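Peer 1: here is a sequence together with a model predicted from it:
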Amino acid sequence: MDHTPFIVGAYTIGFIVLLWNATAPLFKSKTIARDIRRLIQIEERSIDSDT
Amino acid sequence: MTEETRTETKPRKNAFVLFIHKLGSPPWFYGFAGKLIPWLWLIFGVLAAWGLYLGLVKAPTDYLQGESYRIIYIHVPSAWMSWMIYAVMAGLGFINLVWRIRITEILAMSSAPIGAAFTLVALASGSLWGRPTWGTYWVWDARLTSELVLLFLYLGVIGLYNAIDEPRKAARAACLLALVGVVNLPIIHFSVKWWNTLHQPSSISFTSGSSSIDPSMLWPLLIMATAVKFYYGASLLARARVKLLEQDKRKTWAKNVIREGS
């Protein structure tokens, strides 16, 4: 029995799952940064309209 | 104790207490974690490359299992991490429930997806090792079933945390569930001793010092086991930073972080 597909399969699954886990916070932080930038813009606009 | 020695020991204690207090401050933690993460990734990368090279290239073929045993270099570290992360998560959950320290709930909840990822890798790689070795991908034996229960516990903690809108209430409920689930850890560990399972008993013993695995195969495993701890550290801090920023997005420090672009 050729064991190569099992070894390759195990490491591929491991690599994909751990890569997803490591990169997920990066994508999430970009979304949050966009939200915060929007909040800052709203805040600055309200300050401008007050003055 | 003289007055002189008292003044000598006091600043050291204060520095430690100060560090603990600083860790509880979201802006300080955010900056500190940001500086630490690249180093943790670097150490992980070096150790993982070294461990995989030794395990996949240099280690000899097993006389009984053939080449398929090389799956242990991802399976065993992942399985160990799935247990360790759960214990850490429950420990942080306990601290959070008793002392209500916010950073501990952030770290506990950030641990859950990482632990779930390692459990998934342990189950999938174990299944792929089982096919050529046992002749089947899955059996409902005690070790495999209790590990699957661990995955469900992680998913339960993640689900419960996301199901409640108020983050602090959500974290308290999820921490309680994590604490209840700790009962599964000794079941996983001792399952191969308590029941007659298809999964073999532990090949490595840290307490007795006797391992049935050859050093040429053991060292890559220990290196990989160390590497994944740095992975956990880096991933945990990265997730905790994001969670802090998300929860504090209306606060001045979070806006300053985005303004400064760090």
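Peer 2: Okay, I see it.
Peer 1: so stretch B:85-104, near chain A or not?
Peer 2: No - legend: contact between stretch B:85-104 and chain A by Cβ under 8 Å from any Cβ of the partner chain is lacking; minimum distance shown is 11.4 Å. No exception for glycine: its C-beta is placed from N, CA and C like everyone else's.
Peer 1: average pLDDT across the helix or strand containing B:V17?
Peer 2: Under DSSP states H and E, the secondary-structure element containing B:V17 is helix B:3-23. Averaged across helix B:3-23, pLDDT comes to 66.
Peer 1: tell me where the model's unsure across the chain.
Peer 2: Picked chain A for this. In the prediction, chain A carries residues with pLDDT under 70 at positions A:51.
Peer 1: can you look at chain B instead?
Peer 2: Low-confidence regions of chain B, defined by pLDDT under 70, span residues B:1-13, B:206-210, B:262.
Peer 1: mind listing the helices for it?
Peer 2: With DSSP state H as the definition, chain B shows helices at residue ranges B:3-23, B:26-53, B:72-99, B:102-134, B:142-163, B:167-180, B:184-194, B:215-247, B:252-260.
Peer 1: the inter-axis angle of the fourth one versus helix B:167-180?
Peer 2: Put simply, helix B:102-134 runs at 40 degrees to helix B:167-180, going by axes from the mean of the first three to the mean of the last three Cα atoms, to 10 degrees.
Peer 1: what angle separates helix B:102-134 from helix B:26-53?
Peer 2: Compare the direction of helix B:102-134 with that of helix B:26-53 by the same axes, to 10 degrees and you get 20 degrees.
Peer 1: which strands or helices does helix B:102-134 pack on?
Peer 2: When contacts are defined as 3 or more Cβ pairs under 8 Å, 6 or more residues apart in numbering or on different chains; DSSP states H and E, helix B:102-134 sits against helix A:4-50, helix B:26-53, helix B:72-99, helix B:142-163, helix B:167-180, helix B:215-247.
Peer 1: do the same with the fifth one
Peer 2: Packed against helix B:142-163 by the contact rule (3+ Cβ pairs under 8 Å, 6+ apart) you find helix B:72-99, helix B:102-134, helix B:167-180, helix B:184-194.
Peer 1: how about those, which one is nearest A:L39?
Peer 2: Closest to A:L39 of these is helix B:167-180 (Cβ to Cβ; 17.6 Å).
Peer 1: what does that closest one contact?
Peer 2: The set of residues that contact helix B:167-180 without belonging to it, under Cβ atoms under 8 Å, 6 or more residues apart in numbering or on different chains, is B:86, B:89-90, B:92-94, B:96-97, B:102, B:105-106, B:108-109, B:112, B:153, B:156-158, B:160-164, B:247.
Peer 1: residues near the closest residue to A:I13 other than its chain neighbours, how many?
Peer 2: The shortest distance from A:I13 to any residue that is not its chain neighbour, by Cβ to Cβ, 6 or more residues apart in numbering or on different chains, is 4.6 Å, and that residue is B:A124. Other residues within reach of B:A124, judged by other Cβ atoms under 10 Å in any protein chain shown, total 21.
Peer 1: ok, B:A124 - contacts?
Peer 2: With contacts defined as Cβ under 8 Å, 6+ apart, B:A124 is in contact with A:10, A:13-14, A:17.
Peer 1: do B:A90 as well
Peer 2: Applying Cβ under 8 Å, 6+ apart to B:A90 gives the contacts B:108, B:178-179, B:181-182.
Peer 1: B:V182 too?
Peer 2: If a contact means Cβ under 8 Å, 6+ apart, then B:V182 has B:86-87, B:90 as its contacts.
Peer 1: with distance to B:H75 as added columns, please give the residues you listed in a markdown table.
Peer 2: Conversion of the contacts of B:V182 to a markdown table gives the following (distance: Cβ to Cβ, whole Å):
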| residue | distance to B:H75 |
| --- | --- |
| B:Y86 | 17 |
| B:A87 | 19 |
| B:A90 | 23 |
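Peer 1: so which of the residues you listed comes closest to chain A?
Peer 2: Using Cβ to the nearest Cβ, the shortest approach to chain A within the contacts of B:V182 belongs to B:Y86, at 15.5 Å.
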